[in-house]
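[1] What follows is a predicted structure for the sequence shown.
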Amino acid sequence: MKKTALLIFLLSLFIEGLPQPYTVDSVPNTKRINNNYVSNPDNLINATTVTQIDQHLTSLEQQTTAQVAVVLLSSIGENSVEDFAQSLFVKWGIGRAAKDNGLLILFVADQKTIRFHTGFGLEGVLPDAICKRIQIQKMVPYFKEGNVDAGMLAGIDEVIKILSDPAYAEEIAEPAESSNYSGTSSLTFFFTLCWIIVGPVVFFASRKTGFSDSIQRPQNKPNSEISKGQWWLFFFLLPILLATYLAFNDHWFITAAGLYGYFASLGLHKYYRIIKRGNVWLKRGVYQTVYSFYKENSWMGWAIFFPIPFAFLIRPYKKRIQAVREHPRDCHNCSKKMMRLSEATEDEHLPKEHQFEENLQSVDYDVWICSSCSSISVEQYVNEKTKYSACPKCKTYAFYTESTTTLTHATTSSTGEEETIKLCKFCNNRERTTATIPMVSTSSDSSSSSSDSGGSYGGGDSGGGGASSSW
């Protein structure tokens, strides 16, 4: 009995040690993993050969856009090599979708079979007879000798020689984007006609609130919006004139320069509006309002796309913002000049909650005192990067998210629930809220499936063309 059990145990170990047949889903797609063309999970060829093949196939794709995937497997079980190759080809999407110019070279060791599986676009360049000839003449003799490395290199070199033939260039290569800008003229004319119709509709839809001189525009604070007349100039007339000009000067440099100049002009005009309107409100003595206006209407993101001239305006703009905060104030009681207290001397004029906020760096306070009548003015500047918000109970900016806990995980069929606990560091007010977690979208799964179908290849397809040879 013991011998039987031992025999069964040893037999199970032996079976586990045998190579397991690959399925289409279990074959490593090295194009997705490390952008290589050779999937060699059982090391049937050596690393030097893999590198050499990868280099050749990379050069081939750069030259012709054709994609060749090489797969070497110990076993695919009882599956037909042809059926396995077709399923793997479609799953990975070998070749560019526009031309279906892909080729799968599949080597299956236990079936002693080599398979060339071609995409629709290569069936004329690599017909079944040519695939068979390459296998029989260049590869099978080496395979019979057990030299898989030499056989794979010889066959792939012959494939590359055929696919690189200039006579097949137009048939294989994916259509490149035309460098002729003849289509630009039609596009710009089409844009012009559409905008002549759509532009006025956009204007009338925004006329009540969308402009600086709109009837319903709030007038109790500055704004950076353009006027109605400026809109007609910058967003209607100039785009039409620019599009018309570019249509008759169809050159990439002129087009790029024209678009750059147009959008840079829009950004510069916004900068000018912000500064001009801020200066108007500065004369009214509402310094904190202007400070907030400058901070809220930042144009500095323009510097990313239009470094000239905006990169040179960032520093002066930041200095302007700070200068507004430090600008001398007039006392509201006696109209005398006020003095801004230093951080060291202002605390005696601040309540403890304000001092607490300054210690948290959630809010910074400026204290101004009149040298004549000793009136005090306190200005609040909330740190825009702080994690704290105003506490619903004490209004102190010390309220933060202490923890977020998932109570019920969302699934594809039901929503979940999470609990958030917020705490005020000043008054210890703690509040719990629950929120619904949306169901897990199946689109992510389908997206993943779609990604698998195309892999990192180009989404090519095959009708089953090609040839197989055994030895």
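    It's in.
[2] Leu266 touches Leu233, doesn't it?
    No - using C-beta atoms under 8 Å, Leu266 is not in contact with Leu233, being 11.1 Å away. To be clear about C-beta, it is placed using only N, CA and C from the backbone, and glycine gets the same treatment.
[3] Between these two, point out the one with more neighbours.
    Neighbour count, other C-beta atoms under 10 Å: between Leu266 and Leu233, Leu266 has more, with 17 against 13.
[4] what about the stretch 201-350 of the chain, any weak spots by pLDDT?
    Residue ranges of the stretch 201-350 of the chain with pLDDT under 70: 250.
[5] Let's see that with 80 instead.
    The stretch 201-350 of the chain contains residues with pLDDT under 80 at 246-252, 298-301.
[6] ok, which stretches of it are helices?
    For the stretch 201-350 of the chain, the helices defined by DSSP state H, counting those that start in this stretch occupy 228-231, 238-248, 252-282, 287-296, 302-305, 307-310, 314-326, 343-346.
[7] Go through those and pick out the most buried.
    Of the helices of the stretch 201-350 of the chain, the one with the most neighbours on average (mean count of other C-beta atoms under 10 Å) is helix 287-296, at a mean of 18.
[8] who does that helix touch, helix- and strand-wise?
    Packing partners of helix 287-296 (3 or more C-beta pairs under 8 Å, 6 or more residues apart in numbering; DSSP states H and E): helix 252-282, helix 314-326, strand 376-382.
[9] Dump the ones you listed to CSV, plus distance to Glu158.
    Shown next, in CSV, are the helices and strands packed on helix 287-296 (distance: least, C-beta to C-beta, whole Å):
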stretch, distance to Glu158
helix 252-282, 40
helix 314-326, 59
strand 376-382, 71
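[10] residues near Pro41, how many?
    Burial measure for Pro41: 15 neighbouring residues, criterion other C-beta under 10 Å.
[11] and if you look at the one 5 residues further on?
    Here the number of neighbours of Asn46 (other C-beta under 10 Å) works out to 12.
[12] Would you check that it makes contact with Asp149?
    Yes - Asn46 is in contact with Asp149 according to C-beta under 8 Å; the separation is 6.0 Å.
[13] rewinding a little: can I get the helices of the stretch 201-350 of the chain in a markdown table including distance to Val50?
    Shown next, in a markdown table, are the helices of the stretch 201-350 of the chain (distance: least, C-beta to C-beta, whole Å):
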| stretch | distance to Val50 |
| --- | --- |
| helix 228-231 | 62 |
| helix 238-248 | 50 |
| helix 252-282 | 41 |
| helix 287-296 | 57 |
| helix 302-305 | 41 |
| helix 307-310 | 44 |
| helix 314-326 | 50 |
| helix 343-346 | 65 |
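[14] Minimum distance to Phe143: which of those has it?
    helix 252-282 (51.8 Å; C-beta to C-beta).
[15] how distant is the closest one from the center of its chain?
    How far helix 252-282 lies from its chain's middle: 27 Å, per C-alpha atoms, centre = their mean, to the nearest Å.
[16] Which strands or helices does that helix pack on?
    Against helix 252-282 (3+ C-beta pairs under 8 Å, 6+ apart) you get helix 238-248, helix 287-296, helix 302-305, helix 307-310, helix 314-326.
[17] relative to helix 238-248, how tilted is that helix?
    Put simply, helix 252-282 runs at 170 degrees to helix 238-248, going by axes from the mean of the first three to the mean of the last three C-alpha atoms, to 10 degrees.
[18] Helix 252-282 relative to helix 287-296, how many degrees between them?
    Relative orientation of helix 252-282 versus helix 287-296 (the same axes, to 10 degrees): 170 degrees.
[19] can you give me the angle helix 252-282 makes with helix 314-326?
    Helix 252-282 and helix 314-326 are oriented at 10 degrees to each other (the same axes, to 10 degrees).
[20] Name the nearest residue to Arg277, sequence neighbours excluded.
    Of all residues not flanking Arg277 in the chain, Pro222 sits nearest, at 4.6 Å (C-beta to C-beta, 6 or more residues apart in numbering).
[21] How many residues are close by that neighbour?
    24.
[22] right, and it touches Tyr291 too?
    No - here Pro222 does not reach Tyr291: they are 11.0 Å apart, not a contact under C-beta under 8 Å.
[23] Please name the strands paired to the longest strand belonging to the chain in the sheet, noting orientation.
    Criterion DSSP state E: the longest strand present in the chain is strand 397-408. Strand 397-408 pairs in its sheet with strand 389-390 (antiparallel), strand 416-424 (antiparallel), by DSSP bridges.
[24] in that strand, what counts as buried?
    By neighbour count, with 16 or more other C-beta atoms under 10 Å as the criterion, the buried positions of strand 397-408 are 397-400.
[25] CA atoms only for that strand - export them in PDB, please.
    The C-alpha coordinates for strand 397-408 follow below in PDB (Å, rounded to 0.1, in the frame of the first residue of the first chain):
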ATOM      1  CA  TYR A 397     -10.200  76.500   8.700                       C
ATOM      2  CA  ALA A 398      -9.200  73.300  10.600                       C
ATOM      3  CA  PHE A 399     -11.700  70.800   9.200                       C
ATOM      4  CA  TYR A 400     -10.100  67.900   7.400                       C
ATOM      5  CA  THR A 401     -10.800  64.300   6.300                       C
ATOM      6  CA  GLU A 402      -9.700  62.000   9.000                       C
ATOM      7  CA  SER A 403     -10.500  58.700   7.300                       C
ATOM      8  CA  THR A 404     -12.500  57.200   4.500                       C
ATOM      9  CA  THR A 405     -13.700  53.600   4.900                       C
ATOM     10  CA  THR A 406     -15.400  51.400   2.300                       C
ATOM     11  CA  LEU A 407     -18.400  49.900   4.000                       C
ATOM     12  CA  THR A 408     -19.600  47.900   1.000                       C
END
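[26] quick one on the thing from earlier: nearest to Asp165, of the helices and strands packed on helix 287-296?
    Nearest to Asp165 among the helices and strands packed on helix 287-296 is helix 252-282; the distance by C-beta to C-beta comes to 32.1 Å.
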